[in-house]
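J.: Provided below are the primary sequence and the corresponding predicted coordinates.
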Amino acid sequence: MIEFKHVSVSFKQHKQIFEAVNDAHFKIEKGEIFGIAGSSGAGKSTLLRTINLLQTVSSGEILVDGENVTNYRRTQLRILRRNIGMVFQHFNLARNLTVYQNIAFVLKAAGKSKVETETRVNELLDLVNLSGKSNSYPANLSGGEKQRVAIARALANDAKILLCDEPTSALDLETTSSILSLLKDLNKKFGITIVIITHELDVIKSICTRCAVMNKGSVVEIGDVYDIFTKPREDFTRQLLSHTSHFNLPEQIIDKMQGPIIRLTFKGDTANNPILYYAANTFQIGFNILLGKVEYINDLPLGILYVELIGETEPLKLAIEFLAANTADLEVINHGL
Ligand SMILES: Nc1ncnc2c1ncn2[C@@H]1O[C@H](COP(=O)(O)OP(=O)(O)OP(=O)(O)O)[C@@H](O)[C@H]1O
């Protein structure tokens, strides 16, 4: 378990003190995949780097498995960092070393014998599906392969925690998905705790169980990914989700429609009920679906539909009331009543 206890980090910028992380106070449970989202400069990297003390804290404490590591030095720090692997957006592989040597390097540094090193490197290459690339140099690998090497290296000394700093931001969609499946598999197989910071909310949606949202150094919201994506509590989270979801109706479509336009959100068990059909039948109205999707977050459905309603004013009002009561959320985009 990782625990932030009132953690703040300040930097001196142009003779002024700037607080990059402000009073972070929460826990990441053992074995979970935890995401940290937020806009650029929110303090995500700084907070992540406090876990393995790449970043010292200005105040507060970091506890790993119940032990206060905040003031660790030398030997203790070396052991801590062996247990906490880290991967980065740009992989950080040594260019002059082969895949094998990149991984063997950290094992040798931890005092492993030649035989132990060889066995472990081969085991790791197998794990990340790169057995045939042992003698390749990073320059001859694809982005996804480089990140696989970086993940193998991060786990070489049986790390129990893996910190991922924008691990897929330099990768295309297909490679992103294969790296995320690998991380999910590693979490499942070995119970590794994974902390992942990203500005790509799809990454959080596809592999994290819980997440924190940061804005200007503060953790503004924290909870289950499904809850945060379906019912954000904070305005900042709502804005972040709508700016990055790219799922809005174009203005010119809204202007063109005659009847009221509503945005319906369906979630959980009710997402599969034909509510719109019931409303149309009961209140004798028509509907015109303008935009819609159903996605699955942690295997739970989240549906969003933009619909134009067609009919007389009174039945439309009743239908809107009915839909509001029977869906997770209803927003009237354009009244038209
Ligand atoms: N070593 C440093 N010295 C001074 N300021 C720093 C230092 N490291 C980070 N900062 C500042 O702290 C703030 C938070 O930076 P951080 O990299 O943690 O944000 P982030 O949320 O990870 O953003 P991004 O997604 O753009 O990387 C930024 O304003 C940054 O300029």
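T.: Sure thing, it's come through. Numbers count the residues shown, from 1 in each chain.
J.: what about Arg263, distance to Ile253?
T.: To Ile253, Arg263 is 13 Å away according to CB to CB, to the nearest Å. Where C-beta positions appear, they are placed from N, C-alpha and C, glycine not excepted.
J.: more neighbours: which of the two?
T.: Counted by other CB atoms under 10 Å, Arg263 and Ile253 do not tie: Arg263 has more neighbours, with 19 against 14.
J.: and the host helix or strand of Ile17, which strands flank it?
T.: Take DSSP states H and E as the rule and Ile17 turns out to sit in strand 16-28. Next to strand 16-28 in the sheet, as set by DSSP bridges, lie strand 2-13 (antiparallel).
J.: which parts of the strand it pairs with are buried?
T.: 2-5, 7-10 (16 or more other CB atoms under 10 Å).
J.: for the ligand, tell me which of those show up nearby.
T.: Among the buried residues of strand 2-13, no residue is within reach of the ligand (CB under 6 Å from any ligand atom).
J.: the ligand: which of these is nearest?
T.: Val9 (8.0 Å; CB to the nearest ligand atom).
J.: and that closest one, bridged to which residues?
T.: Val21.
J.: dump the residue contacts of Leu201.
T.: 37, 229, 240-241, 244-245 (CB atoms under 8 Å, 6 or more residues apart in numbering).
J.: secondary structure of Thr175: a helix, I assume?
T.: Yes - the assignment for Thr175 by DSSP: H, G, I helix; E, B strand; the rest coil puts it in a helix.
J.: so it makes contact with Ser142?
T.: Yes - counting by CB atoms under 8 Å, Thr175 does reach Ser142; the two are 7.2 Å apart.
J.: more neighbours, these two?
T.: Neighbours around Thr175 and Ser142, counted as other CB under 10 Å, are more numerous at Thr175. The numbers are 17 against 11.
J.: in terms of helices and strands, where is the residue nearest to that one when sequence neighbours are not counted?
T.: With sequence-adjacent residues excluded and distances taken as CB to CB, 6 or more residues apart in numbering, Thr175 is closest to Gly144, at 3.6 Å. Here Gly144, judged by DSSP H and E, is contained in helix 143-155.
J.: and the spatially most central residue of the chain, helix, strand or coil?
T.: Centroid-nearest residue in the chain, with CA atoms, centre = their mean: Ile204, separated by 2.4 Å. Assigned by three-state DSSP, the conformation of Ile204 is helix.
J.: what's the closest non-adjacent residue to it?
T.: Gly35 (3.7 Å).
J.: point out the other helices and strands that the strand or helix carrying the one you found packs with.
T.: Assigned by DSSP H and E, Gly35 belongs to strand 33-38. Under the contact criterion of 3 or more CB pairs under 8 Å, 6 or more residues apart in numbering; DSSP states H and E, strand 33-38 touches helix 44-51, helix 173-190, strand 193-197, helix 201-207, strand 210-215.
J.: can you pull the residues of the stretch 51-200 of the chain lying near the ligand?
T.: Applying CB under 6 Å from any ligand atom, one finds that the stretch 51-200 of the chain approaches the ligand through His199.
J.: please enumerate the strands of the stretch 51-200 of the chain.
T.: Using DSSP state E, counting those that start in this stretch, the strands of the stretch 51-200 of the chain run over 59-64, 67-68, 84-88, 161-165, 193-197.
J.: can you list the ones you listed in a markdown table and add distance to Val294?
T.: Output for the strands of the stretch 51-200 of the chain, formatted as a markdown table (distance: least, CB to CB, whole Å):
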| stretch | distance to Val294 |
| --- | --- |
| strand 59-64 | 39 |
| strand 67-68 | 44 |
| strand 84-88 | 32 |
| strand 161-165 | 28 |
| strand 193-197 | 25 |
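J.: export those strands as TSV, with columns for mean pLDDT.
T.: Formatted as TSV, these follow (pLDDT from 0 to 100):
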stretch	mean pLDDT
strand 59-64	97
strand 67-68	95
strand 84-88	96
strand 161-165	97
strand 193-197	98
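J.: got JSON lines for those strands, with mean neighbour count and distance to Lys112 too?
T.: Formatted as JSON lines, these follow (neighbours: other CB atoms under 10 Å; distance: least, CB to CB, whole Å):
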{"stretch": "strand 59-64", "mean neighbour count": "17", "distance to Lys112": "23"}
{"stretch": "strand 67-68", "mean neighbour count": "12", "distance to Lys112": "25"}
{"stretch": "strand 84-88", "mean neighbour count": "23", "distance to Lys112": "15"}
{"stretch": "strand 161-165", "mean neighbour count": "24", "distance to Lys112": "20"}
{"stretch": "strand 193-197", "mean neighbour count": "25", "distance to Lys112": "23"}
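J.: any stretches of the chain with poor pLDDT?
T.: 245, 335-337 (pLDDT under 70).
J.: so what are the domain limits for it?
T.: 2-243, 251-334 (automatic domain parsing).
J.: okay, those, which one's buried deepest?
T.: Mean neighbour count (mean count of other CB atoms under 10 Å) peaks for domain 2-243 among these, with a mean of 18.
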